[in-house]
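Enquirer: The following block contains a protein sequence and its predicted model.
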Amino acid sequence: MQLAFVLYKYFPFGGLQRDFLRIAQVCQARGHSIRVYTLKWDGEVPAGFDVVMVPVKALSNHRRNEKFTAWVASDLARRPVDRVVGFNKMPGLDVYYAADPCFEDKAQTLRSALYRHTGRYRHFAAYERAVFSPAVGTEILMISDVQLPLFTKHYRTPLERFHMLPPGISPDRRAPANAAEVRAAFREEFKVADDELLLVQIGSGFITKGLDRSIRALAALPAHLQRRTRLMVIGQDDAASFKRLARSLGVAERVEFLKGRSDVPRFLLGADLLIHPAYNENTGTVLLEALVAGLPILVTEVCGYAHYIEEADCGLVVPSPFSQDTLNRMLSDMLNDPDLRQSWQANALRFADQHDLYSLPERAADVILGEAA
């Protein structure tokens, strides 16, 4: 078959983008042709991919999106395909990969009534309705069971159109046999002393991921603990306001910012704890990447994958409603207890061996290609 994959932007370090690439490559490996429509592509183009750069611009994102979908629809009319697979909500999709939470629910619960009279709201509401309305036949690949009841509440989408996927953690995130050697080399390279404690926060979108909460928690550590704790932040975002926050709290020298990079597994093996106090998060793939690497995790309950941390007993989950004091206390307790961190590491690695945390691309391809059981 000829398949069309549609997403607004591709860059190598986004969770949605990595999932798209792996799903498309599985489909390609099964003998199907891949065409990609996008506004921007950063990084290498895989062999055999036909990447179509859509030449539209606009002053606002929603107007640009409308021009994008119109251009793609026109091109598909001239060059038809067998399936159109979208990774952003838009009209005309045969299959939608639901990486984003329910827009309508957020608009009604987190925004004012005035917001629902804006052009931006009308655009994104219409594009979401074009996917989830009972009047269309789009198949929906779900990665968070938290979101399913929200979509059915607002759109009455037939349940048979939803396909729940397992996580899709890349095997290269698993702790290798030489994990201890990788850890030692990493800590030597980044000059992390044996008695230092290294926190990592990984992911683009520093505001949503709760980086301000992490910096505040670091600043609230007891002095003797703070002196030997460092925070490394990895992601593609503007760090300026967070650097100012760290300076204002007196911990600027304890926080290091790094751009998105391809050697994240080394950081997961070299660190002592992953902190991820997100404000909202549909899933949180990095949580499971840390789990399969054996890295203890501190995460907020709102993350879709937070329940795996509780099930694996490999860290702590900050309950809702969020309290900064609770996060501060939990972080201090975790850093103060090396035996418990070691126990969490063993629990995580055992869980990674016993549960399917890896087959998302294959299961998604089954649905796209009509091969699902």
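Expert: Perfect, I can see it now.

Enquirer: domain ranges for this protein?
Expert: As assigned by automatic domain parsing, the chain contains the domains 2-166+358-368, 171-354.

Enquirer: what's the most buried one of those?
Expert: With neighbours taken as mean count of other C-beta atoms under 10 Å, the domains of the chain reach their highest mean count in domain 171-354, at a mean of 18. Placement of C-beta: from N, CA and C, glycine included.

Enquirer: Now do it: distance to the chain's middle.
Expert: Averaging C-alpha positions (C-alpha atoms, centre = their mean, to the nearest Å) puts domain 171-354 15 Å from its chain's average.

Enquirer: now the end-to-end length of it.
Expert: One end of domain 171-354 to the other measures 14 Å (C-alpha to C-alpha, to the nearest Å).

Enquirer: And stretch 159-172, by the same measure?
Expert: End-to-end distance for stretch 159-172, by C-alpha to C-alpha: 34 Å.

Enquirer: could the domains of the chain go into JSON lines alongside mean pLDDT?
Expert: Rendered in JSON lines, the data for the domains of the chain read as follows (pLDDT from 0 to 100):
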{"stretch": "domain 2-166+358-368", "mean pLDDT": "96"}
{"stretch": "domain 171-354", "mean pLDDT": "96"}
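
Enquirer: Would you tell me what helix or strand the residue nearest to H163 when sequence neighbours are not counted is located in?
Expert: With sequence-adjacent residues excluded and distances taken as C-beta to C-beta, 6 or more residues apart in numbering, H163 is closest to V367, at 4.9 Å. Following DSSP states H and E, one finds V367 within helix 360-368.

Enquirer: Quick one: list the elements packing against that helix.
Expert: Under the contact criterion of 3 or more C-beta pairs under 8 Å, 6 or more residues apart in numbering; DSSP states H and E, the helices and strands touching helix 360-368 comprise helix 15-29, strand 95-98, strand 139-142.

Enquirer: Now do that helix against helix 15-29, angle only.
Expert: 60 degrees (axes from the mean of the first three to the mean of the last three C-alpha atoms, to 10 degrees).

Enquirer: Run through who's touching helix 360-368.
Expert: Contacts made with helix 360-368 from outside it, assessed by C-beta atoms under 8 Å, 6 or more residues apart in numbering, are listed as 3, 19, 22-23, 25-27, 30, 83, 85, 95, 97, 139, 141, 143, 163, 165-168, 371-373.

Enquirer: Over to stretch 102-118?
Expert: Contacts to stretch 102-118, defined as C-beta under 8 Å, 6+ apart, come from residues 89, 121, 124-125, 128-129, 147, 150-151, 153-155.

Enquirer: now do 7 Å
Expert: 121, 124-125, 128, 147, 150-151, 154 (C-beta atoms under 7 Å, 6 or more residues apart in numbering).

Enquirer: can I get these in a markdown table with secondary structure and distance to A193?
Expert: Below are these laid out as a markdown table (DSSP: H, G, I helix; E, B strand; the rest coil; distance: C-beta to C-beta, whole Å):
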| residue | secondary structure | distance to A193 |
| --- | --- | --- |
| Y121 | helix | 51 |
| F124 | helix | 48 |
| A125 | helix | 52 |
| E128 | helix | 50 |
| Q147 | coil | 43 |
| L150 | helix | 46 |
| F151 | helix | 49 |
| H154 | helix | 52 |
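
Enquirer: now, among those residues, which is nearest to A271?
Expert: Minimum separation from A271 among those (C-beta to C-beta) is found for Q147, which lies at 29.3 Å.

Enquirer: you'd agree the closest one is up against E281?
Expert: No. Contact criterion C-beta atoms under 7 Å: Q147 and E281 do not qualify, at 11.1 Å.

Enquirer: with the contacts of stretch 102-118 in mind, which one is nearest to D195?
Expert: The nearest member of the contacts of stretch 102-118 to D195, counting by C-beta to C-beta, is Q147 at 42.7 Å.

Enquirer: what's the closest one in contact with, if anything?
Expert: The contact partners of Q147, by C-beta under 7 Å, 6+ apart, come to 98, 101-102, 282.

Enquirer: Likewise for R120?
Expert: Applying C-beta under 7 Å, 6+ apart, one finds that R120 lies in contact with H62.

Enquirer: same thing but at 10 Å, please
Expert: Listed by C-beta atoms under 10 Å, 6 or more residues apart in numbering, the contact partners of R120 are 60-63, 107.

Enquirer: Dump the residues you listed to CSV, plus distance to V286.
Expert: Below are the contacts of R120 laid out as CSV (distance: C-beta to C-beta, whole Å):
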residue, distance to V286
S60, 31
N61, 25
H62, 29
R63, 32
A107, 27
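
Enquirer: ok, these vs A223, which is closest?
Expert: The nearest one, if we look at those relative to A223 and count by C-beta to C-beta, is A107, at 44.2 Å.

Enquirer: and the helix or strand hosting the closest one, how far from the chain's centre?
Expert: If you go by DSSP H and E, A107 is part of helix 103-109. Taking the mean C-alpha point of helix 103-109 and that of its whole chain, the gap between them comes to 20 Å (C-alpha atoms, centre = their mean).

Enquirer: Same check on stretch 99-115?
Expert: In terms of C-alpha atoms, centre = their mean, the gap separating the centre of stretch 99-115 from the centre of its chain is 19 Å.

Enquirer: Which element, helix or strand, includes the residue nearest to A252 when sequence neighbours are not counted?
Expert: Among residues not flanking A252 along the chain, A246 sits closest, at 4.4 Å (C-beta to C-beta, 6+ apart). Here A246, judged by DSSP H and E, is contained in helix 240-248.
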